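Peer 1: fold the following.
(one chain, ligands or ions: 1)
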Amino acid sequence: MGKVRVKGAKNACLPIMAASLLANGEVALTEIPDLEDVRTMSRLLHILGAEVNHEHRSEKIWLDSRRLITFTAPYGPVRRMRASFLVTGPLLARMGRARISHPGGCAIGVRPIDLHLKGLVAMGASFTMGDGYIDVVAPKLNGADIYLDYPSVGATENILMAAVLASGTTRIENAAAEPEVADLANFLTSLGAKIHGAGSSLIIVEGVSSLHGAGPEKPYRVIPDRIEAGTFMAAAAVTGGDLLIENVIPSHLTAVNAKLKEVGAEVETVGEKALRVRARGRPKAVELKTFPYPGFPTDLQPQFMALLTLARGTSVIRETVFEKRFSHVEELVRMGGRIRIEGRSAIITGRQFLQGTVVRAADLRGGAGLILAGLAARGITEIRGVRHIRRGYSRLVGRLRTAGGRIFIFPD
Ligand code: EPZ
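Peer 2: Below you'll find the predicted structure:
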C-alpha cells in the first residue's frame, strides 16, 4: 500500500493571503503549500506594500499589511494568476480604491467578474474600465443585501472581504458554499470579523471597525486541499493501486467518494483524517456532472475523465461550471482515449488501455489528468507544459513516486 500526505488547500490560502491585507497587525499562516500561485500572491502583496516573510520549505508565511503603499495590482502578477483579483475587496475596504489589471480569461473559460463588481457596487462602490485596468472606488462601503446570480466562489470571497469592514450588515444570498469559503470566513473571524453562515448559501456579515492580527503565537492553519486529495484518489483508481491518503477532511470529499464507489473502487475512511482507496478491477462507466459544492467539483473533472477512458462501457461527463474545460480531451485522444465532445458534455467509450506518447498540458487540472493517464498508460508518456501543473501541486512528481508511481520530471 502506498502512502501520501495532502498539503494545504491552494484555493483556501490564496483568498486568506489576500484577506491578510485587512488585518491591523501581523498575520502568521501555516500549511501554506509551496506553489507557483502562492509565490505569485506573495509577490503581489509585497508590491502593495505588505511585509512578507515566506518560508517555502516549512510551508509557513508571515505577513504585515499595516503600511500599504499602493492600491494598484499590476499586469504581471494578475496575468500570471487571475486569483490576484481577490485583492480587490480588501483594498477597497482598506484604501477605498482598487485598481486591478483586468484578469482576463484562461484555458477553461472567459472567467467574467460581473458578479464581483455587482456586489461591490451594491455596497457603494463605482468602477471604470480602461487602459487594461478595472478601477474600483468606494469612499465608504455600506452593508447591503446581495443576491449572486451564480454561486461564484471568487465573487463570494471578494464581497465577504469587503463586507467585514463595511458599516452595517451584509447578506450574501446564493453564496458559494465551498469549504475554502468557510475557511476564509474562519480566518477572518479569528481576526475579529463577525460572520455567520459561511459554508452555506446565505452568509451574513456584521461590519466591524477594524480587524486585529494573528501573529506567530497564534498561526492560522489552512485546511487540507480536497482537490489534491481527489487527484490522489483518482490516481489510485486509475493505476489499480492501493493508496492511503493522509491529512484529508472526509466530509469535504462526499461527492468524490460516492463517484469513486460507483466506478467500482473501494474507499475506506481511516481514523478521522485519512482515506484508503483500493481499485477493484477495471473501472465501471458512469455519468458525472460537475456542480458547485457540495456537488462533484469541476477541478476533478479532468482527472476522472482520465480514469473513465479505461472504464468498461460508455461514460458521460457534463461540465456545468466552466464553458470550455475540455483542453485535456484531445491529448487523451492522442493517447488512445475514445472521447467525443457534444456541447458541454464529453462521451467517453472506455477501452482496455491507453498508449503513452507526447502530450501537452494547457491548464492546471487538465495537466493533472494527463499525469494520471500517463501513470496508467502502456509505455512512456511525456507531458509538456509542466509549469501549469506546478501552479497548483507542490512536489507532485516526488510524492507520486513515493506512493508507487513510475514518474520522472525533467527541467522545462
Ligand atoms: C474558483 O475559481 C477556483 N479558484 C477554481 O479553481 C474553481 O474551479 C472555481 O472556483 C469553481 O469551483 C480559486 O479559488 C483560486 P467561480 P473562481 O467564480 O472563483 C462564472 C483550480 O484549478 N462567473 O466560482 O474564478 C464563471 O464564468 C481553479 O484550482 C460569472 O459568471 O470560480 C464560471 O462559469 C480553476 N461571473 C462560474 O461562475 C463572475 O463574476 C464559476 O466561477 C464570476 C464567475
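
Peer 1: make it CA atoms for all contacts and neighbour counts henceforth
Peer 2: Noted.

Peer 1: so how far is residue 305 from the one residue in the stretch 301-412 of the chain that gets nearest to the ligand?
Peer 2: With Cα to the nearest ligand atom, the shortest gap between the stretch 301-412 of the chain and the ligand falls at residue 322, namely 4.3 Å. Residue 322 is 15 Å from residue 305, where distance means Cα to Cα, to the nearest Å.

Peer 1: same question, residue 204
Peer 2: 37 Å.

Peer 1: you'd agree residue 296 is up against residue 290?
Peer 2: Yes: contact criterion Cα atoms under 8 Å: residue 296 and residue 290 qualify, at 4.9 Å.

Peer 1: who has more neighbours, residue 204 and residue 305?
Peer 2: A side-by-side neighbour count of residue 204 and residue 305, using other Cα atoms under 10 Å, places residue 305 first with 30 against 21.

Peer 1: quick one: distance of the strand or helix carrying that one to the chain centre.
Peer 2: Using DSSP states H and E, residue 305 falls within helix 301-308. Relative to its chain's centre, helix 301-308 lies at 17 Å (Cα atoms, centre = their mean, to the nearest Å).

Peer 1: what helices or strands is it leaning on?
Peer 2: helix 226-238, strand 314-318, helix 364-376 (3 or more Cα pairs under 8 Å, 6 or more residues apart in numbering; DSSP states H and E).

Peer 1: need the CA coordinates for the last one. PDB is fine.
Peer 2: Output of helix 364-376 as PDB, limited to C-alpha atoms (Å, rounded to 0.1, in the frame of the first residue of the first chain):
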ATOM      1  CA  LEU A 364      -3.500  23.100 -14.100                       C
ATOM      2  CA  ARG A 365      -6.200  20.300 -13.700                       C
ATOM      3  CA  GLY A 366      -6.000  19.200 -17.300                       C
ATOM      4  CA  GLY A 367      -2.300  18.600 -16.700                       C
ATOM      5  CA  ALA A 368      -3.100  16.600 -13.500                       C
ATOM      6  CA  GLY A 369      -5.400  14.500 -15.700                       C
ATOM      7  CA  LEU A 370      -2.700  13.800 -18.200                       C
ATOM      8  CA  ILE A 371      -0.300  12.700 -15.400                       C
ATOM      9  CA  LEU A 372      -2.900  10.200 -14.200                       C
ATOM     10  CA  ALA A 373      -3.400   8.900 -17.800                       C
ATOM     11  CA  GLY A 374       0.400   8.600 -18.100                       C
ATOM     12  CA  LEU A 375       0.700   6.600 -14.900                       C
ATOM     13  CA  ALA A 376      -1.900   4.100 -16.300                       C
END
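
Peer 1: tilt between that helix and helix 301-308?
Peer 2: Per axes from the mean of the first three to the mean of the last three Cα atoms, to 10 degrees, the angle that helix 364-376 makes with helix 301-308 is 20 degrees.

Peer 1: so what are the sheet partners of the helix or strand following helix 364-376 and their directions?
Peer 2: Sequence order places strand 382-384 as the next helix or strand after helix 364-376, per DSSP H and E. Here strand 382-384 is paired, per DSSP bridges, with strand 358-360 (parallel).

Peer 1: what's the spacing between the partner strand and its chain's center?
Peer 2: With Cα atoms, centre = their mean as the basis, strand 358-360 stands 24 Å off its chain's centre.

Peer 1: what residues does the helix holding residue 305 touch?
Peer 2: By Cα atoms under 8 Å, 6 or more residues apart in numbering, the residues outside helix 301-308 that reach it are 231, 234, 237-238, 283-286, 290, 315, 317, 319, 326, 328, 332, 348, 350, 365-366, 368-370, 372-373.

Peer 1: near the ligand, from these?
Peer 2: Restricting the contacts of helix 301-308 to those within reach of the ligand (Cα under 6 Å from any ligand atom) leaves residue 365.

Peer 1: in this structure, what residue spans correspond to helices?
Peer 2: Under the criterion DSSP state H, the chain contains helices at 10-19, 36-48, 75-80, 88-95, 114-122, 153-163, 179-190, 226-238, 254-263, 301-308, 329-334, 364-376, 386-390, 396-402.

Peer 1: just to revisit the earlier point, mean confidence score for the helix holding residue 305?
Peer 2: Mean per-residue pLDDT for helix 301-308: 98.

Peer 1: do it and the ligand meet?
Peer 2: No: judged by Cα under 6 Å from any ligand atom, helix 301-308 stays clear of the ligand, getting no closer than 9.9 Å.

Peer 1: between that helix and strand 314-318, how many degrees?
Peer 2: Using the same axes, to 10 degrees: helix 301-308 against strand 314-318 is 180 degrees.

Peer 1: tilt between helix 301-308 and helix 254-263?
Peer 2: Going by the same axes, to 10 degrees, helix 301-308 makes 10 degrees with helix 254-263.
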